[in-house]
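> The following comprises the amino acid sequence and a computationally predicted model.
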Amino acid sequence: STSRAAALRGRFITFTGNPFTMPPQEALHVEEDGLILIANGLITHCGAYDALRGLVPEGVTVTHYPDGLISAGFIDTHVHYPQLPVIASWGEQLLEWLEQYVFPTEAQFSSPEVAQAVARAFLQELLRNGTTTAAVYCTVHPESVTAFFQESEKLGTRMIAGKVLMDRNAPENLRDTAQQGYDESLKLIETWHGTGRQLYAVTPRFAITSTPEQLEAAGALFRSREDLFMQTHLAENEAEIAFVNSLFPDRASYLDVYDKAGLAGPRAIFGHAIHMEEQDFQRCHDTRCALAHCPTSNLFLGSGAFRLFDAVDPHRPVHVGLGTDIGAGTSFSLLGTMGEAYKVSLMAGKQRLHAIQAFWLATAGAAQALHLETKIGTIAPGMEADLCVLDPAATPLLALRTQHCASMADLLFVLMTLGDDRCIKATWVDGRLAYARPDPAHPAG
Ligand code: GUN
Ligand code: ZN
């Protein structure tokens, strides 16, 4: 068998601890002139260039990023690929926004051609933003899932995705039934879960659009294989919560609706979770599920301010990752999403999100939240070689401002506050160069 080798040289950062439970600087490792050796999609060695240069195999060219900053690829824990065409739609809050913009667009995804074209554009946009793994909602149509996984498999990206389940309170052409949703999901799980780098998430949209029977069926699916994911929406918007309470008057809380159906547990990802009681956070801690914090979406739809520091309270920490929540979110960039998470942290409590904490939420912390920390999220031997290369001088303003950075924390904060897709110089997936920013001098190249 021939081995597929690569080597990257440059400054890199990675996490050796949790910056929410120790001084942030102590959780971050900075390698000023680093070398990352890769074979067959896995990192074999990483450390100081001078110490490791002798290990570069014969015939392997070292890709040098002398002015770059290399990080583990970003992880987006909540995003809807079919909503790419309705990003930036004006004027509504959640329920009206879904009806007016989202449902009409999602209805197009019965067509495999539409699904393939949008999946392709969506995945390119992720790579342009340094995102190498995402938890992705498809639509109710199995074709939308097939198209997405096919395109992801071509790129070799590790993606989590699933067919949306909805059997009520949605247009007729977007509804399945409890039985049909179960059968179609099971077939997709058999085809895609663990195929290449693809992972399946059982995906009931939210409690409003699933009957109790469908939520039960989703719970049965979620338990049907050891390492499946589950994703849904939780406590995002006041009108949504009132509707859920009227549909499930016997449940103790919105979270309890999912919990009683067997949908809370490791690898369950709840989007938003803005309006939460202490008991809900406690239950999330006990069940080891994850919350996806989606600040640009929450600001865009006027949903509210996620209480990040209450969620991650070290006395009963809840797993948290960041989500772009395209198309309610307004940016594909995890850098931009970190910047907005900082601003939301100022509105939601006393503690302020530190830059090192923000980068952890987008990489190592997200990987832990997804129980994938042995595969992705850090730069270390044995980890999958998904990396992004940041350019701290991507624009004239960034070049000017980052010259004055006195510390790595300062540099990371500037990147998350001013940065976006322009800061992504390259994205490596499975040990291969998957995206390289065009040279501004030769934009067509
Ligand atoms: N709740 C149910 N569906 C959705 C969706 O597509 N986007 C958001 N932001 N919230 C939801
Ligand atoms: Zn969402």
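Right, received. Where do you want to start? Ligands and ions are numbered 1, 2, ... in the order given.
> Next, count neighbours for whichever residue of the stretch 301-445 of the chain sits closest to ligand 2.
Residue nearest to ligand 2 within the stretch 301-445 of the chain: Asp325 (4.6 Å; C-beta to the ion). Every residue, glycine included, has its C-beta placed from N, CA and C. Residues lying near Asp325 (other C-beta atoms under 10 Å) number 31.
> need the residues of the stretch 1-150 of the chain near ligand 1, please.
Residues of the stretch 1-150 of the chain lying near ligand 1 by C-beta under 6 Å from any ligand atom: His80, Leu94, Leu98, Val102.
> hang on, the earlier thing: how about the residue of the stretch 301-445 of the chain closest to ligand 2, what does it touch?
Each residue near Asp325 by C-beta atoms under 8 Å, 6 or more residues apart in numbering is listed here: His78, Val79, His80, Gly271, His272, Ala292, Cys294, Thr296, Ser297.
> Quick check on it: phi, psi?
For Asp325, the backbone dihedrals (degrees, to the nearest 10) come out as phi 50, psi 40.
> So what's the residue count around the closest residue to Asn173 other than its chain neighbours?
Once flanking residues are discounted, Asn173 sits nearest to Ala107: 5.2 Å by C-beta to C-beta, 6 or more residues apart in numbering. Close neighbours of Ala107, defined as other C-beta under 10 Å, add up to 19.
> The helix or strand that Gly68 is a member of - contacts with which helices or strands?
According to DSSP states H and E, Gly68 maps onto strand 62-72. Judged by 3 or more C-beta pairs under 8 Å, 6 or more residues apart in numbering; DSSP states H and E, strand 62-72 is in contact with strand 5-15, strand 28-39, strand 387-390, strand 424-429.
> and the shortest one, what does it pack onto?
Looking back up the chat, that one is strand 387-390. Using 3+ C-beta pairs under 8 Å, 6+ apart, strand 387-390 sits against strand 5-15, strand 62-72, strand 131-137, strand 424-429.
> which of those is buried the deepest?
Most buried of these, by mean neighbour count (mean count of other C-beta atoms under 10 Å): strand 131-137, with a mean of 28.
> OK, contacts around Arg9?
Asp33, Gly34, Leu35, Ile36, Tyr49, Val62, Thr63, His64, Tyr65.
> so which of the residues you listed comes closest to Leu400?
The closest of these to Leu400 turns out to be Tyr65 (C-beta to C-beta; 20.7 Å).
> isn't that closest one right up against Leu390?
No. Using C-beta atoms under 8 Å, Tyr65 makes no contact with Leu390, being 9.2 Å away.
> list the residues that contact both of these two?
With C-beta under 8 Å, 6+ apart as the test, Tyr65 and Leu390 both reach Lys425.
> For Glu236, which non-adjacent residue is closest in space?
Among residues not flanking Glu236 along the chain, His272 sits closest, at 3.8 Å (C-beta to C-beta, 6+ apart).
> distance of the residue of the stretch 301-445 of the chain found nearest ligand 1 from His233?
Residue of the stretch 301-445 of the chain nearest ligand 1, by C-beta to the nearest ligand atom: Ala328 (3.8 Å). Computed as C-beta to C-beta, to the nearest Å, the Ala328 to His233 distance reads 10 Å.
> who has more neighbours, the two?
Ala328 (31 against 25).
> got the contact list for that one?
By C-beta under 8 Å, 6+ apart, the contact list for Ala328 reads Gln83, Leu94, Trp97, Cys294, Ser297, Phe300, Leu301.
> check contacts around the first one.
Taking C-beta under 8 Å, 6+ apart as the criterion, Gln83 is in contact with Val102, Thr105, Glu106, Ile326, Gly327, Ala328.
> who's in contact with Ile241?
Contacts for Ile241 (C-beta under 8 Å, 6+ apart) come out as Ala235, Tyr254, His275.
> Buried ones among these?
Ala235, Tyr254, His275 (16 or more other C-beta atoms under 10 Å).
> Not counting its neighbours along the chain, what's nearest Phe409?
In this structure residue 409 is Ala, not Phe. Ala355 (5.2 Å).
> Now do the one you found: how many residues are near it, please.
By the other C-beta under 10 Å criterion, the neighbourhood of Ala355 contains 24 residues.
> Surely it is in contact with Leu412?
Yes. Using C-beta under 8 Å, Ala355 makes contact with Leu412 at a distance of 3.9 Å.
> would CSV of the helices and strands packed on strand 387-390 with mean pLDDT be doable?
Formatted as CSV, the helices and strands packed on strand 387-390 follow (pLDDT from 0 to 100):
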stretch, mean pLDDT
strand 5-15, 98
strand 62-72, 98
strand 131-137, 99
strand 424-429, 98
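> Which of these sits closest to Leu55?
With respect to Leu55, and counting by C-beta to C-beta, the nearest of these is strand 5-15 at 8.8 Å.
> Break this protein into its domains for me.
Using automatic domain parsing, the domains assigned to the chain come out as 5-73+378-436, 74-332.
> Redo those domains as TSV? Include distance to Ala367.
Shown next, in TSV, are those (distance: least, C-beta to C-beta, whole Å):
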stretch	distance to Ala367
domain 5-73+378-436	7
domain 74-332	6
